[in-house]
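Participant: here are the coordinates; sequence isn't available:
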């Protein structure tokens, strides 16, 4: 199997693009595809500071590597969740992020927030002791991660939070939301989630006294972007292998058997017989929605108010879900 | 023989078959794995040779 660009031995075949490439041309293709997504969806500009959420896995480390190689001011954020489960998962994943910096980008800045040390409880402990986490720790974990990422991005003045979500992630979520007709989620799923500035209510009664400063600096939602939105998960992994990025092969022990992974496997079975099916499903959904061919009644703007304790936006009024977690 | 490694399992197959054949024979989806030989990514049409060690890497992850 030969590279379509230079005739050398190909390392990967991408049936959905009818394309097979050698290592050099594959890395070049991933860079071009990602840069095009950044520009098409106007994710951020070259002068912007971007906070990349890194987990030590293939997607986030590949994304960070690529953004740095493209010349973006990309800093990493690692959240130490305190997940051990007999395999030292969090310790190992932090080590991968630190090794990435040391081996590939010594000048890059990695921010680390230790949830247990900073907030008093790790994710497994929180999940065991809170009703929200009883069925699955992922609900608690997602809430905590979103809150802290937003805080660090807002406090640090970053233009956007970039995550390693790819076509497989997005198509699996789309499938899940479609099968359950989660119209609110379907209305909001996008490669870019716009920044929401602090509500004018942030200077109102809910934010008086000590909270005024918190509301002023931490209010609003940071912009979230997904530069790998045109890449398959297989391609993100191939990029990491070709670039020699060490990443954590084990997935989070709590994610084993997750619904999202089940949908990903289903979509990959479909992809095997219909190359391009995943990509068509997701991208055509975005096009149809953006063109107004499908609309969702719950697509209106959510009314956000500042949390009375931390100042981050909440739709609930009073305390946000994150602050209620620690009650 | 060719040694195949996937997650915490390993087994041997006869040389001469393609990587894709090994993947399918193992009951895996070629869309869900990549193959590495001597630390290098290889395409699924690659013919295996006696003495090769092929590592299959799962690409589906979550969490």
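Facilitator: Yep, it's here. Note that the coordinates shown come from a computational prediction; the quantities given were computed from them, not determined experimentally.
Participant: what does the stretch 101-250 of chain A have sitting close to chain B?
Facilitator: The interface of the stretch 101-250 of chain A toward chain B, taken as Cβ under 8 Å from any Cβ of the partner chain, is made up of A:138, A:141, A:168, A:233-234, A:236-238, A:241-242, A:249. Bear in mind the C-beta positions are built from the backbone N, C-alpha and C, glycine included.
Participant: of those, which is the nearest to residue A:128?
Facilitator: Residue A:128 lies nearest to residue A:141 out of those, by Cβ to Cβ, at 12.5 Å.
Participant: about what we covered before: so which of the residues of the stretch 101-250 of chain A next to chain B belong to helices?
Facilitator: When those are checked against helices (DSSP state H), the matches are A:138, A:141, A:168, A:233-234, A:236-238, A:241-242.
Participant: pLDDT-wise, what's the bottom of those residues?
Facilitator: Least confident of these in the model: residue A:138, at 86.
Participant: if we can go back for a sec, so which of the residues of the stretch 101-250 of chain A next to chain B is surrounded by the most neighbours?
Facilitator: residue A:168 (33 neighbours; other Cβ atoms under 10 Å in any protein chain shown).
Participant: return the residues in contact with that residue.
Facilitator: A:232-234, A:264, A:267-268, A:278, B:60 (Cβ atoms under 8 Å, 6 or more residues apart in numbering or on different chains).
Participant: if I look at it, how far off is residue A:57?
Facilitator: Distance of residue A:168 to residue A:57, computed by Cβ to Cβ, to the nearest Å: 13 Å.
Participant: same check on residue A:286?
Facilitator: 25 Å.
Participant: could you tell me how many residues sit around the residue nearest to residue A:89 when sequence neighbours are not counted?
Facilitator: Once flanking residues are discounted, residue A:89 sits nearest to residue A:83: 4.6 Å by Cβ to Cβ, 6 or more residues apart in numbering or on different chains. Residue A:83: 23 surrounding residues under other Cβ under 10 Å.
Participant: residue A:126 is in contact with residue A:83, correct?
Facilitator: No. Using Cβ atoms under 8 Å, residue A:83 is not in contact with residue A:126; the gap is 11.1 Å.
Participant: please name the residues that touch the residue most central in space within chain B.
Facilitator: Compute the mean C-alpha point of chain B, and by Cα atoms, centre = their mean the closest residue is residue B:56, 4.1 Å away. When contacts are counted by Cβ under 8 Å, 6+ apart, residue B:56 touches B:4-6, B:22-23, B:26, B:28, B:33-35.
Participant: low-scoring stretches of the chain, by residue?
Facilitator: With no chain named, the answer covers chain A. A:132-135, A:198-219, A:298-302 (pLDDT under 70).
Participant: I was after chain B.
Facilitator: For chain B, the stretches with pLDDT under 70 are B:62-63.
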